[in-house]
Structure formats: C-alpha cells, structure tokens
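Colleague: Predicted model and sequence below, questions to follow.
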Amino acid sequence: MTDTARPPRTVDALIALRADTGARTAMRRGLSQATEHYAYPYLAHRWQGRPWARTPTLRIAGLIAVTSLADEPAGDRIGTTLRRVALADRPAPGDATDRALDRIGKRLLWAQTGDLAKFHQVLTGLLPNAPLGRIDWQELHDTYLRWGHPHPDARRRIRLRVIEDFYSPVPRAEREPDPGPADENADAPKPTQPTLI
C-alpha cells in the first residue's frame, strides 16, 4: 500500500497561495467577472472537471486576497461574521447598533432573492475593511458553491442559514466589553454578631 498525500482543500490552498504577492494580486482580480481571467493561471486547476465551481472559487479567492484576516484558521460562519461587522460598526452602544444591524440585514435580505453575484456584491462591500474576527472560509466557499443550487429547497436552506446566523444574537460576553473585576465583597452578606442572652 502506498502512502499518497491528499491535495489540500481548495480554501486551504487559496489561503496558502495568498502569501505569494503575484498570486495574491491575481486572486484579487478574481473578485470581478471582467478581470477574473488574470487569476486563471493560479486557480484554473481548482475547478478542472467541475465547471460549476469556477465562479465560486474565483470570488472566494478574491475575498481571501483582500480581507486582512484571511490567514486565520476556521472561525465564524458568514452570517455570524456579518453580525459582528454590524456590532463593530457603531460609534457607541444603543441606537447605532440597531441602525447598523438594520442596514446590513436589509442588504442580506436583498441578496437572498438573487444569484451569487448579488450575494457576492454584498460581501465585497462589507468584508474587506471590516474589523472582523475569524471567518470560516470553508463554510463560505460551500455557501458560494450551493447558492445557486438547482433544487429550490436546498438553495433556500443555504440562503436561510446565512440570514438565521445573522439575526441570531451574539453572546453578551462578545457584544459588550467586560466592565472589569467586580468587588468580591459588594454583594456579600454582612456578618452578624451573635447575641448573648
């Protein structure tokens, strides 16, 4: 039995390819249909025999190339990531959070009714310069691959997952800064003096 190494997953290979300046520049051009052909020398073998994977692979490569935190390992699904973008896009807690959530939520709802190009347009406007945590690039690639699924139920499921993740609350500990250590004795009951009879 021979030991053969499996080729790296597409997303892992794209993240590794990002380290090469020339490849990264070509990957960035994969964001647009007009310039995607510049990325072919680096990426065409990734969709060989799977022509339906061409556009999703090119667009994910472009996002990986322009997003500053693309080197992180697996992280949040895209809906949760976009919620974090909305929560970070506020000058102070309060009304600004609701407006940011509403603005990004409306963009996502608009993208739900369209093809991959619409969804990609929304992400291209939000991800590159946003203060993000980690992104689960493999999940995002899978979402791109399935966005235009021919079966309506499968297509609806993948699109709803993005919206559900976006509108699911982020745990409070991750939303608000820690107020600092509490005074351990603040709520402690006061010791009582025994009474003598």
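Modeller: Looks like it arrived, so ask away.

Colleague: Domain ranges for this structure, per the record?
Modeller: The domain map for the chain lists 9-66, 69-170, with the assignment taken from automatic domain parsing.

Colleague: Just give me the lowest mean pLDDT stretch among those.
Modeller: The minimum mean pLDDT among these belongs to domain 69-170 (a mean of 81).

Colleague: Can you get me the centre-to-centre distance for it and its chain?
Modeller: Relative to its chain's centre, domain 69-170 lies at 6 Å (CA atoms, centre = their mean, to the nearest Å).

Colleague: Over to stretch 46-66?
Modeller: With CA atoms, centre = their mean, you get 16 Å for stretch 46-66.

Colleague: Report the backbone C-alpha coordinates of it in PDB.
Modeller: The C-alpha coordinates for stretch 46-66 follow below in PDB (Å, rounded to 0.1, in the frame of the first residue of the first chain):
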ATOM      1  CA  ARG A  46      -9.100  24.000  -8.800                       C
ATOM      2  CA  TRP A  47     -12.300  23.700 -10.900                       C
ATOM      3  CA  GLN A  48     -11.000  21.300 -13.500                       C
ATOM      4  CA  GLY A  49     -13.700  18.900 -14.300                       C
ATOM      5  CA  ARG A  50     -16.200  20.900 -12.200                       C
ATOM      6  CA  PRO A  51     -17.100  24.000 -14.300                       C
ATOM      7  CA  TRP A  52     -19.800  25.000 -11.800                       C
ATOM      8  CA  ALA A  53     -17.100  25.600  -9.200                       C
ATOM      9  CA  ARG A  54     -15.300  28.200 -11.300                       C
ATOM     10  CA  THR A  55     -17.200  31.400 -10.200                       C
ATOM     11  CA  PRO A  56     -17.400  30.500  -6.500                       C
ATOM     12  CA  THR A  57     -13.700  29.600  -6.400                       C
ATOM     13  CA  LEU A  58     -12.700  32.800  -8.100                       C
ATOM     14  CA  ARG A  59     -14.900  35.000  -5.900                       C
ATOM     15  CA  ILE A  60     -13.700  33.300  -2.700                       C
ATOM     16  CA  ALA A  61     -10.100  33.700  -3.800                       C
ATOM     17  CA  GLY A  62     -10.700  37.400  -4.400                       C
ATOM     18  CA  LEU A  63     -12.200  37.800  -0.900                       C
ATOM     19  CA  ILE A  64      -9.400  35.900   0.700                       C
ATOM     20  CA  ALA A  65      -6.900  38.200  -1.100                       C
ATOM     21  CA  VAL A  66      -8.500  41.400   0.000                       C
END
